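K.L.:
Here you go, sequence then predicted model.
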Amino acid sequence: MASYLLEQYLERVASLPGDLERNFTLMQDLDTKAAALVEVLDGDCQVFLEDVGSMSRSDRRTQLKEIQGNFEQAMNYSEDKVSLAVQIYETVDKHIRQLDADLSKMDAETADAIHPSDRTKASVEDMPVDPNEPTYCICHQVSYGEMIGCDNKHCPLEWFHYACVGLTERPRDKSWYCPLCREGHDSKRLKSA
């Protein structure tokens, strides 16, 4: 059984290096584009500030719109980089969780083979956790699986497991607030956020 689980895991993880390399290359391309755009923005802003006194109102608006458009594009590149980083993290985390689950199965089978009377089911939750690893969510567990961050900058827990807050996929809204921040006891801090 152990060799079967190992073969299965190796098949699943075979494409991981190529996927990671592709995503890191995309991230590097986005970084290069963003850096070039920031250089253009620096130059445009410097020229604008030097010439603003001699520009007509319509020229100022045109220049500002161009600067704003370039700034928004640079922000889009940055947001795409963050999305890629999250995707990379989730991909690696998925493989780690699968490996942990497979190792738990192997440990349980080994324990059954050595002590058949001591049949216990091992699970990912039963695995030892590093005491220095931070805990999150209303369940006060370590980070695992898909998680979402609360957009309240004063949220005491910050990150939540999808299942613990009743999510199955990322919400479509740009902002998401946890149940604690949505309820009355944190509403004052949420309004000032």
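P.N.:
Good, I have the coordinates. Numbering: from 1, shown residues only.

K.L.:
in this protein, which helix has the most residues?
P.N.:
With DSSP state H applied, the helix covering the greatest number of residues in the chain is identified as helix 57-114.

K.L.:
Can you identify the element that follows that helix toward the C-terminus?
P.N.:
Beyond helix 57-114 in the direction of the C-terminus, DSSP states H and E gives the next helix or strand as strand 147-149.

K.L.:
What residues sit buried inside the very next helix or strand once past that following strand?
P.N.:
Later in the chain than strand 147-149, the nearest helix or strand by DSSP H and E is strand 159-161. The neighbour-count criterion (16 or more other Cβ atoms under 10 Å) identifies 160-161 as the buried residues of strand 159-161. Glycine gets a C-beta too; all of them are placed from N, C-alpha and C.

K.L.:
strand partners of strand 159-161, parallel vs antiparallel please.
P.N.:
In the sheet containing strand 159-161, its partner strands are strand 147-149 (antiparallel), by DSSP bridges.

K.L.:
Provide the contact partners of the strand it pairs with at residue level.
P.N.:
The set of residues that contact strand 147-149 without belonging to it, under Cβ atoms under 8 Å, 6 or more residues apart in numbering, is 136-137, 158-162, 165, 167, 170-171, 176.

K.L.:
Which of the three states applies to the nearest residue to residue 102 once chain neighbours are set aside?
P.N.:
In space, residue 102 comes closest to residue 5 once its chain neighbours are excluded; the distance is 4.6 Å by Cβ to Cβ, 6 or more residues apart in numbering. Following DSSP: H, G, I helix; E, B strand; the rest coil, the label given to residue 5 is helix.

K.L.:
quick one, what contacts residue 5?
P.N.:
The contact partners of residue 5, by Cβ under 8 Å, 6+ apart, come to 102, 105-106.

K.L.:
quick one: contacts for the closest residue to residue 133 other than its chain neighbours?
P.N.:
In this structure, residue 133 finds its nearest non-sequential neighbour in residue 142, 4.9 Å apart by Cβ to Cβ, 6+ apart. For residue 142, the contacting residues are 129-130, 133-136, taking Cβ under 8 Å, 6+ apart as the criterion.

K.L.:
So residue 28: helix, strand or coil?
P.N.:
When the structure is reduced to helix, strand and coil (three-state DSSP), residue 28 reads as helix.

K.L.:
And it, how far from residue 90?
P.N.:
When distance is defined by Cβ to Cβ, to the nearest Å, residue 28 is 19 Å away from residue 90.

K.L.:
for residue 136, same thing?
P.N.:
To residue 90, residue 136 is 15 Å away according to Cβ to Cβ.

K.L.:
So which of those two has more stuff around it?
P.N.:
With neighbours defined as other Cβ atoms under 10 Å, residue 136 and residue 90 compare such that residue 136 has more, 19 against 13.

K.L.:
Okay, and the beta partners of the residue nearest to that one when sequence neighbours are not counted?
P.N.:
Nearest-residue entry for residue 136: residue 159, 4.1 Å, with adjacent residues in sequence omitted and distances by Cβ to Cβ, 6+ apart. In this structure, residue 159 bridges to residue 149 when assessed by DSSP bridges.
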